[in-house]
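*Asks:* Sharing a sequence plus its predicted fold:
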Amino acid sequence: MRYLLIPLIVYILYLIVLGCSKYIGISTTQAKKNLKTYLDREFEDDVSFKHLNRFFNAATMNPNIFSVLIYNTNIPEIECYLHLNLKTILEDAVLPLRATEQLTCQEAYQASKQRYDARQTVIAALQPDFDLQFDYKAVNITLDTQPTPEVLRFIMQRCVDTLNKYHTALDHYDDFEVTITTPEQPQGFVTFTLEDDRQQWTRLPLQLSVNYSNYNPLLARLTRYALQQIASLKTPYALAERHTIYIDTKTMSRAAWVQYLDDTSVDNTTQGAWINPQKGIYVIYFDLDSNFIYRGTVLTETNDTLDYTETFALIQSALTTEGIAF
């Protein structure tokens, strides 16, 4: 009987290993070897890879899928983050998570290469006027001198027009955060968002960069003023973390600090429907050059009933009336 049990146990262990193997997947060493063989065979460019990790989860249920960053060795900016089945990559290079599109690893890399070429075209087109660099969702503009309001408006418009000219080629259907630096403000002078609607980018209002050299002392001054003013209001307000400093594009000195206010009487710790405590908006109008505060005012105490578009329209109307041009 004992001699019969030994082969039976061995057979059971074989079945267990066989059943588990499909959930274990190929080794990381073999995955690297397969990927290198594939890249050497299929790519004309000198490419490499890094950040190789097994991507096994409940959604894929495939232990042979790995996440990896493939990049051009000579131009690292040409890169693509992919999920690949590295067990079958030598026979089938279709991206497993995008199988319905039949998109291959090579096609994803070529798309990244075309985006890089489009960005270089934009940079070259703007080079006579100013230096522009891309960093994924960020655009950085470097100026040699402190711009006048007229020059700054020209730069912003040139940036928007040129990017929109190559909107399709850039293949970046998302917003861009643009920062302008100057010799006086090398860490950041002003910023603006280019909002994408999948057809073009639209410039949103100009803001003071949080990296502006005097930003923290200025913010402290504005905060003290606001706390003094809202203390007399009937509603017990506290300053919310959400705030923005808008800059007048006509003067570059007139500015407005838009600070959201939380109603501290709102209690969201108990069970029940969540209540938006961000009811108030307080605006301080001041001069950026001298830090002189002209005045502060409560813009609304019913912000919790407004959507984003309504709130933005309210702010834009108030600032325009005050003479602050977006």
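*Replies:* Perfect, thanks for sending it.

*Asks:* Secondary structure element for residue 218, which one?
*Replies:* Using DSSP states H and E, residue 218 sits in helix 215-230.

*Asks:* other SSEs contacting that helix?
*Replies:* strand 237-247, strand 254-263, strand 278-287, strand 293-300 (3 or more Cβ pairs under 8 Å, 6 or more residues apart in numbering; DSSP states H and E). (Each C-beta comes from the backbone N, C-alpha and C, glycine too.)

*Asks:* Could you rerun that using 6 Å?
*Replies:* For helix 215-230, there is no helix or strand it packs on, judged by 3 or more Cβ pairs under 6 Å, 6 or more residues apart in numbering; DSSP states H and E.

*Asks:* Show me what that helix is in contact with.
*Replies:* Helix 215-230 has contacts (Cβ atoms under 6 Å, 6 or more residues apart in numbering) with 237, 257, 259, 282, 284, 293, 296.

*Asks:* Quick one: mean pLDDT over it.
*Replies:* Helix 215-230 comes out with an average pLDDT of 96.

*Asks:* Use 24 as the first number for this chain going forward.
*Replies:* Sounds good: first residue 24 from here, last item helix 238-253.

*Asks:* buried residues in that helix?
*Replies:* 238, 241, 242, 244, 245, 248, 249, 252, 253 (16 or more other Cβ atoms under 10 Å).

*Asks:* and that helix with strand 301-310, angle?
*Replies:* 120 degrees (axes from the mean of the first three to the mean of the last three Cα atoms, to 10 degrees).

*Asks:* need the helices for the stretch 74-223 of the chain, in chain order.
*Replies:* 128-149, 172-188, 190-193 (DSSP state H, counting those that start in this stretch).

*Asks:* Please state the offset of the longest one from the chain centre?
*Replies:* Per Cα atoms, centre = their mean, to the nearest Å, the displacement of helix 128-149 from the mean C-alpha position of its chain is 19 Å.

*Asks:* Check which residues of it are buried.
*Replies:* Here helix 128-149 shows 128, 130-132, 135-136, 138-139, 141-142, 145, 148-149 as buried, counting by 16+ other Cβ under 10 Å.

*Asks:* List the contacts of that helix.
*Replies:* 65, 100-101, 103, 105, 116, 155, 157, 185, 189, 192-194.

*Asks:* Closest one of the residues you listed to residue 270?
*Replies:* Lowest distance from residue 270 to those (Cβ to Cβ) belongs to residue 155, with 19.9 Å.

*Asks:* Can you report how many residues neighbour that closest one?
*Replies:* Neighbour count for residue 155, taken as other Cβ atoms under 10 Å: 23.

*Asks:* hang on, isn't residue 234 packed against residue 210?
*Replies:* Yes: Residue 234 is within contact range of residue 210, at 4.0 Å (criterion: Cβ atoms under 6 Å).

*Asks:* how about the nearest residue to residue 229, chain neighbours excluded?
*Replies:* residue 270 (4.7 Å; Cβ to Cβ, 6 or more residues apart in numbering).
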